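**Q** quick one, what's the 3D model for this:
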Amino acid sequence: VGGFLTAFPQEFKVLCKPMVDSTVEIFLRIQNELLPTPAKSHYTFNLRDVSRVFQGILMITLTNCPDRNTMVRLWVHENLRVFHDRLINDEDRTYFTTMIYEIMQRSFGV
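**A** Got it, this is the predicted structure:
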């Protein structure tokens, strides 16, 4: 991600570490707290999911990402796409939404 962000203005470069650390935190928490059950057998998360988040982020161009907030919104969107979209009940979706909101505030100050 750091190499990709070199094409962007300086304000984006500080997002590299928080994006990586926060995505890994989301992955570890969801992997440990939302365990598969017979009704939720597809709740098996692996490192491929982390790579899907960053593959989505790496598709944006400088013209489509004018500021830091747009990049943070993209990061949230990709995490929702990869992780949240697989959740099947309101309780799990609320848990994930609350978790990502807390991480976003702590890591990005948004």
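**Q** how many other residues sit next to Val82?
**A** 23 (other C-beta atoms under 10 Å). From N, CA and C alone the C-beta is placed, and that goes for glycine too.
**Q** so it makes contact with Phe54?
**A** No: with contacts defined as C-beta atoms under 8 Å, Val82 does not count as touching Phe54, sitting 9.8 Å away.
**Q** geometric centre of this protein: which residue is closest?
**A** Asn79 (3.2 Å; C-alpha atoms, centre = their mean).
**Q** what helix or strand is that residue located in?
**A** helix 68-82 (DSSP states H and E).
**Q** name the helices or strands packed onto that helix?
**A** helix 10-13, helix 16-33, helix 47-57, helix 90-108 (3 or more C-beta pairs under 8 Å, 6 or more residues apart in numbering; DSSP states H and E).
**Q** how about the longest one, which residues are buried there?
**A** Going by neighbour count (16 or more other C-beta atoms under 10 Å), the buried part of helix 90-108 is 92, 95-96, 99-100, 103-104, 107-108.
**Q** kindly report the same for stretch 7-21.
**A** For stretch 7-21, by 16+ other C-beta under 10 Å, it's 8, 12, 15, 18-19.
**Q** chain neighbours aside, what residue packs nearest to Leu34?
**A** Distances taken as C-beta to C-beta, 6 or more residues apart in numbering put Tyr43 closest to Leu34, at 5.3 Å, once the chain neighbours are dropped.
**Q** could you do Leu35 as well?
**A** Tyr43 (6.5 Å).
**Q** please tell me how far the one you found sits from Glu91.
**A** 13 Å (C-beta to C-beta, to the nearest Å).
**Q** also Leu15?
**A** Distance from Leu15 to Glu91, by C-beta to C-beta: 31 Å.
**Q** do the same with Leu34
**A** In terms of C-beta to C-beta, Leu34 sits 10 Å off from Glu91.
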